[in-house]
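Q: Sequence first, then the predicted structure:
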Amino acid sequence: MVKIGIPSALFYYVYYPKWETFFKALDTEVITSGKTTKKLLDNGVREALADACLPVKVFFGHAMALRDKVDYLFVPRIVCTNKKTVYCPKFLGMPDMVRHGLPQMPPLIDVRVDTRSQRNAIWNAYQQTGSFLGCKKTKILSAYTSARKVQSRFNRLVLSGYHPLDAMAALKGENVVAAKEYPQRLTFALLGYPYNIYDPYISVQIIDKLEKMGVNVLTHDNITPRTLSKQKTSIKKGLFWTFSEQVLKAAKYYFNSEKIDGAIHLTAFGCGPDSLLNNFIEREAKKYPHIPLMTITIDEHSGEAGITTRLEAFVDMVQRKRSGVSLAQ
């Protein structure tokens, strides 16, 4: 049986259920690289360029973890999925970076997805992938249909409050429950890209830490795509990058909704789009001075103790503010 490797990074947190279902329906074995660990990250840091952002270094580590375990590595070149915005240039070049930057890697399946240039770009990419594996069109169509259904279930679970990793577990029948919102607790908007905020290792388990501190955590995944698309930001042309635009619109929605007591932007050191995004989020936050905003920057050297201390201080400050206690006391 052909073995397909899927790195547990970047788009993994968005599309993995769809990819796994598709490949399994084509009678292939799907192997992931597992959870991010210090060893895995160190391997990625060693092989990546010095100026690469943290998510790229993490992806390199995950790709290397699959090197001797699979026949093919699935690294699609996802350019555009909404006919408007594109993904980060490093995402677009990831197949080339892996192919030429990492030694002795297995062959890559790097189909291109760009809905700006093709009417059925997404289906065409899956069809090309299936054809590459020697499957007939009818079987590919059946696998694609099943994959879309599973992805829809996954998206509904995430929207209902499941974090992506928990939603994936729920799809497999594991006994996991969605995060609950408690009325008496503080509520924070956690703003950031999915591959940063949902990776427990590089985010230093920020969601779990906040929940243990008695904070309800909301992300852009808790907003329906339709609601998100209606948000008007101060940028007339919008941001060029898909994830950045989604996060900025989520910030706009949460600040304006009055549902939150505070907001945290989790950003990766060395991320070009994030340097702009953080500035625009700060501009948006200034319109709502009663809602505190904190930015946390993570990299391969981030220490758990330091981030925990900052979170505790921020939660305490917001709690005092809500209780009407002077911060000078």
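A: Alright, I've got the coordinates. Numbering: from 1, shown residues only.

Q: check contacts around the residue nearest to T224 when sequence neighbours are not counted.
A: Nearest non-adjacent residue to T224, counting by C-beta to C-beta, 6 or more residues apart in numbering: L159, 6.5 Å away. Just so you know, the C-beta spots here come from the backbone N, C-alpha and C atoms, and that holds for glycine as well. Contacts here follow C-beta atoms under 8 Å, 6 or more residues apart in numbering; on that basis L159 touches 221-222, 224.

Q: for Q118, what are its contacts?
A: Applying C-beta under 8 Å, 6+ apart to Q118 gives the contacts N124.

Q: longest helix anywhere in this protein?
A: helix 137-159 (DSSP state H).

Q: For that helix, which residues meet the burial criterion?
A: Residues of helix 137-159 classed as buried: 140, 143-144, 147-148, 150-151, 154-155, 157-158 (neighbour count, 16 or more other C-beta atoms under 10 Å).

Q: Compute the number of surrounding residues for V30.
A: The tally of other residues near V30 (other C-beta atoms under 10 Å) stands at 17.

Q: Give the residue spans of the stretch 151-300 of the chain that score low on pLDDT.
A: 178-183, 236 (pLDDT under 70).

Q: quick one: the strands in it?
A: 186-191, 215-218, 262-268, 293-298 (DSSP state E, counting those that start in this stretch).

Q: Now do the helices in the protein.
A: Using DSSP H, the helices of the chain run over residues 12-25, 38-47, 54-65, 89-92, 94-101, 121-132, 137-159, 164-171, 194-197, 206-212, 225-230, 242-257, 272-285, 304-323.

Q: Run the angle between the fifth one and helix 38-47 for me.
A: Yep, that's helix 94-101 we're talking about. On the basis of axes from the mean of the first three to the mean of the last three C-alpha atoms, to 10 degrees, helix 94-101 is oriented at 80 degrees to helix 38-47.

Q: Kindly report the same for the first one.
A: An angle of 100 degrees separates the directions of helix 12-25 and helix 38-47 when computed by the same axes, to 10 degrees.

Q: Quick one: residues contacting G214.
A: Neighbouring residues of G214 by C-beta under 8 Å, 6+ apart: 185-186, 315.

Q: Tell me the most packed of those, by neighbour count.
A: Sorting these by how many neighbours each has (other C-beta under 10 Å) puts V315 first, at 21 neighbours.

Q: closest to K286 out of the strands of the stretch 151-300 of the chain?
A: strand 293-298 (8.9 Å; C-beta to C-beta).

Q: does the residue lying closest to L218 once chain neighbours are set aside have beta-bridge partners, and which?
A: Leaving aside its sequence neighbours, L218 sits nearest to A189 (C-beta to C-beta, 6+ apart; 5.2 Å). On the basis of DSSP bridges, A189 is bridged to L218, A263.

Q: What separation do you get for A189 and L210?
A: Remark: distance between A189 and L210 (C-beta to C-beta, to the nearest Å) = 11 Å.

Q: Between these two, tell me which one has more neighbours.
A: More crowded of A189 and L210, by other C-beta under 10 Å: A189, with 27 against 20.

Q: which residues touch that one?
A: Applying C-beta under 8 Å, 6+ apart to A189 gives the contacts 218-219, 250-251, 254-255, 260, 262-264.

Q: got a list of contacts for stretch 132-145?
A: 2, 21-23, 25-26, 28, 109, 111, 123, 126-127, 130-131.

Q: would you list the residues you listed in TSV and tack on neighbour count?
A: Formatted as TSV, those follow (neighbours: other C-beta atoms under 10 Å):
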residue	neighbour count
V2	13
T21	23
F22	26
F23	25
A25	19
L26	21
T28	20
I109	19
V111	20
W123	15
Y126	23
Q127	17
G130	22
S131	13
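
Q: Give me the contact list for stretch 224-242.
A: If you take C-beta under 8 Å, 6+ apart as the criterion, stretch 224-242 is touched by 80-82, 84-88, 159, 220, 245-246, 248-250, 252-253, 273, 276-277, 280, 283-284.

Q: For it, buried residues please.
A: Going by neighbour count (16+ other C-beta under 10 Å), the buried part of stretch 224-242 is 228, 231, 233, 239, 241-242.

Q: Check these against R116 and report the nearest one.
A: Among those, and counting by C-beta to C-beta, the member closest to R116 is T242, at 11.9 Å.

Q: tell me the domain boundaries of this structure?
A: Listed by automatic domain parsing, the domain ranges of the chain are 3-170, 186-323.

Q: Distance to V176 added to those domains, as TSV?
A: Formatted as TSV, the domains of the chain follow (distance: least, C-beta to C-beta, whole Å):
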stretch	distance to V176
domain 3-170	5
domain 186-323	13
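
Q: picking up where we left off before, right, and out of the contacts of G214, which lies closest to D299?
A: Using C-beta to C-beta, the contacts of G214 come closest to D299 at V315, 22.9 Å.
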